[in-house]
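Enquirer: just coords:
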Ligand SMILES: Cc1cc2c(cc1C)N(C[C@H](O)[C@H](O)[C@H](O)COP(=O)(O)O)c1[nH]c(=O)[nH]c(=O)c1N2
């Protein structure tokens with residue numbers, strides 16, 4: 001049996017504490033095979049019925065990247081319109097993607113039509129397909145940090161537009177667009193907390209006992 005000792009647990013805890021959503025990337029390239037390695041790790045994640053519904057699209061094409069950035073710019077401008085006054089000013093000052101600098105771009109989809117897993121576990125909860133993909137992204141996020149690689153999740157995008165830009169099958173639901181690269185800085189505090197947009201709360205605020 002594989003056992004993990006206290007020292008490993010301590011390190012693992014530090015990995016959780018020091019994982020960040022990264023928006024400020026150095027432009028130096030990732031080592032060869034880094035994104036493939038992260039995808040391999042993600043594929044070890046739990047999935048409903050062992051369906052492995054994650055689908056990854058490595059986006060290297062310059063024109064497609066440009067189109068994604070344009071979509072982000074449009075969606076972010078729309079999002080800004082939802083705020084007013086001081087909150088709007090603070091939203092406008094946030095950096096909410098590293099799309100322009102990150103050397104790696106990875107889009108992640110959930111295949112809603114896949115037969116893998118034979119439907120087990122999703123008859124009453126079909127959304128468990130999407131949950132499984134998010135679980136894989138979380139694993140990848142942590143695995144990346146263990147290699148000092150940062151990941152930034154970008155959701156300020158129009159899913160239909162992303163579909164068209166990347167020309168993927170209709171049954172694939174857009175889940176996430178990930179910027180991947182080496183972070184400019186390391187920090188144990190979320191950037192949105194540093195910017196005083198929101199603060200991180202403790203577990204007791206989210207836990208009921210019945
Ligand atoms: C589903 C989802 C979607 C998004 C995010 C996360 C997740 C889980 N986050 C990152 C988010 O802001 C960040 O995780 C929190 O602020 C906490 O910071 P750390 O991840 O702990 O650094 C994020 N960040 C950002 O700058 N632009 C974005 O569009 C998004 N979208």
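Expert: It's in. From a predicted model like this one, the values you see are computed outputs, not experimental measurements.
Enquirer: what does the chain have sitting close to the ligand?
Expert: Residues of the chain lying close to the ligand (CB under 6 Å from any ligand atom) are 20, 21, 23, 96, 97, 153, 154, 155, 156, 190, 192. Just so you know, the C-beta spots here come from the backbone N, C-alpha and C atoms, and that holds for glycine as well.
Enquirer: if I read this right, the third one contacts residue 191, doesn't it?
Expert: Yes: with contact defined as CB atoms under 8 Å, residue 23 reaches residue 191; the gap is 6.5 Å.
Enquirer: what do those two both touch?
Expert: Residues touching both residue 23 and residue 191 (CB atoms under 8 Å, 6 or more residues apart in numbering): residue 95.
Enquirer: looking at the two, which has the bigger crowd around it?
Expert: Ranked by neighbour count (other CB atoms under 10 Å), residue 23 and residue 191 place residue 23 first, with 22 against 18.
Enquirer: surely that one is in a helix?
Expert: No: according to DSSP: H, G, I helix; E, B strand; the rest coil, residue 23 belongs to no helix; its state is coil.
Enquirer: on that earlier part again, now go through the residues of the chain next to the ligand and say which are in strands.
Expert: 153, 154 (DSSP state E).
Enquirer: and the closest residue to residue 76 other than its chain neighbours, what's its pLDDT?
Expert: In space, residue 76 comes closest to residue 156 once its chain neighbours are excluded; the distance is 5.1 Å by CB to CB, 6 or more residues apart in numbering. The per-residue pLDDT reported for residue 156 equals 98.
Enquirer: again, but for residue 27
Expert: On the pLDDT scale, residue 27 gets 88.
Enquirer: quick check: it vs residue 75, distance?
Expert: 24 Å (CB to CB, to the nearest Å).
Enquirer: between the two, who's got more neighbours?
Expert: Neighbour tally, residue 27 and residue 75, criterion other CB under 10 Å: the higher count belongs to residue 75, 17 against 12.
Enquirer: helix or strand for that one, which one?
Expert: For residue 75, the host element (DSSP states H and E) is helix 62-81.
Enquirer: any residues touching the helix or strand just after that helix, and which ones?
Expert: Downstream of helix 62-81, the next assigned helix or strand under DSSP H and E is helix 85-93. Contacts of helix 85-93 from elsewhere in the structure, counted by CB under 8 Å, 6+ apart, are 79, 80, 83, 195, 196, 197.
Enquirer: among those, which two are most distant?
Expert: 79 and 196 (18.4 Å; CB to CB).
Enquirer: for the two, indicate the residue with more neighbours.
Expert: For residue 79 versus residue 196, the count of surrounding residues by other CB under 10 Å is larger for residue 79: 12 against 8.
Enquirer: now do the more buried one against residue 158, distance only.
Expert: Residue 79 is 11 Å from residue 158, by CB to CB.
Enquirer: so where's this structure shaky on pLDDT?
Expert: When residues are selected by pLDDT under 70, none of them lie in the chain.
Enquirer: how about the spatially most central residue of the chain, what does it touch?
Expert: Centroid check for the chain by CA atoms, centre = their mean gives residue 153 as the closest residue, at 3.6 Å. Each residue near residue 153 by CB under 8 Å, 6+ apart is listed here: 21, 137, 141, 176, 177, 178.
Enquirer: show me which of the residues of the chain next to the ligand are buried.
Expert: Among the residues of the chain next to the ligand, those classed as buried by 16 or more other CB atoms under 10 Å are 20, 21, 23, 96, 97, 153, 154, 156.
Enquirer: sweet, I'm off.
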